[in-house]
Each structure stands twice: as C-alpha cells, then as structure tokens.
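**Student:** Make a model of this:
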Amino acid sequence: MWRRHLSNYSWSSPTLITASDGAVYGVLADSDGVMHLFDPATGKDISTVNLGKNVEATPAVFGNTLVVASYDRNIYAVTIR
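**Tutor:** Numbers count the residues shown, from 1 in each chain. The predicted structure is shown next:
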C-alpha cells in the first residue's frame, strides 16, 4: 500500500491499463494538465505528458490509446508505446 502527494490536485480517477504482455500500468491526469503513467505497485511515475490545461475527466482507454478532454477545449489521444 502506498500514498502519493501530487503537486496539483486531481479530479480524474486513476485508470488501470493492461499491456499486451500482461504488465499493468496506471494513468492519472491532474489540474495542471499533466497526465501521469505510473507503476500501480509503487505509485512512481514511469512517464508524463503535459496537455496544457486542467484535466478533470478520467481518461478513456481504447487498446493502447488514452482519450481525454481538457479545459483548453481540446480532446487528446495519447498512445502508449
């Protein structure tokens, strides 16, 4: 069990993704527009991407693509490789 402090609040719910090799990853977006790909076993970030503005929505997952809208009135598709 772990707890993580974020620099910015998050209204987005964490989402788990299972890769084709069976590995599990977590995704969470925050109020600064940063989407975090993290290890759900430790809570540590593997990678981040800045979407520019506040993200309140929980990312939708389609295969290896995450789709989410932000306050800059854009809908983003982020592909995980």
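**Student:** what about the nearest residue to residue 60 once chain neighbours are set aside, how many neighbours?
**Tutor:** Closest residue to residue 60 apart from its sequence neighbours, by CB to CB, 6 or more residues apart in numbering: residue 67 at 4.7 Å. (Each C-beta comes from the backbone N, C-alpha and C, glycine too.) Residue 67: 13 surrounding residues under other CB atoms under 10 Å.
**Student:** would you list every one of the strands in the protein?
**Tutor:** In the chain, the strands defined using DSSP state E lie at 15-18, 24-29, 34-38, 45-50, 60-62, 65-69, 75-79.
**Student:** Which of those strands sits closest to residue 8?
**Tutor:** Residue 8 lies closest, by CB to CB, to one member of the strands of the chain: strand 34-38, at 7.1 Å.
**Student:** strands paired with that closest one, and their directions?
**Tutor:** Here strand 34-38 has these sheet partners by DSSP bridges: strand 24-29 (antiparallel), strand 45-50 (antiparallel).
**Student:** tilt between it and strand 65-69?
**Tutor:** Interaxial angle, strand 34-38 versus strand 65-69 (axes from the mean of the first three to the mean of the last three CA atoms, to 10 degrees): 150 degrees.
**Student:** which residues make contact with strand 34-38 from outside it?
**Tutor:** With contact meaning CB atoms under 8 Å, 6 or more residues apart in numbering, strand 34-38 is reached by 8, 25-30, 44-51, 55, 59, 66, 68, 78, 80.
**Student:** repeat that for 7 Å
**Tutor:** 25-29, 44-51, 55, 78, 80 (CB atoms under 7 Å, 6 or more residues apart in numbering).
**Student:** just stretch 1-10 next, same as before
**Tutor:** With CB under 7 Å, 6+ apart as the criterion, stretch 1-10 contacts 28, 29, 30, 31, 32, 42, 43.
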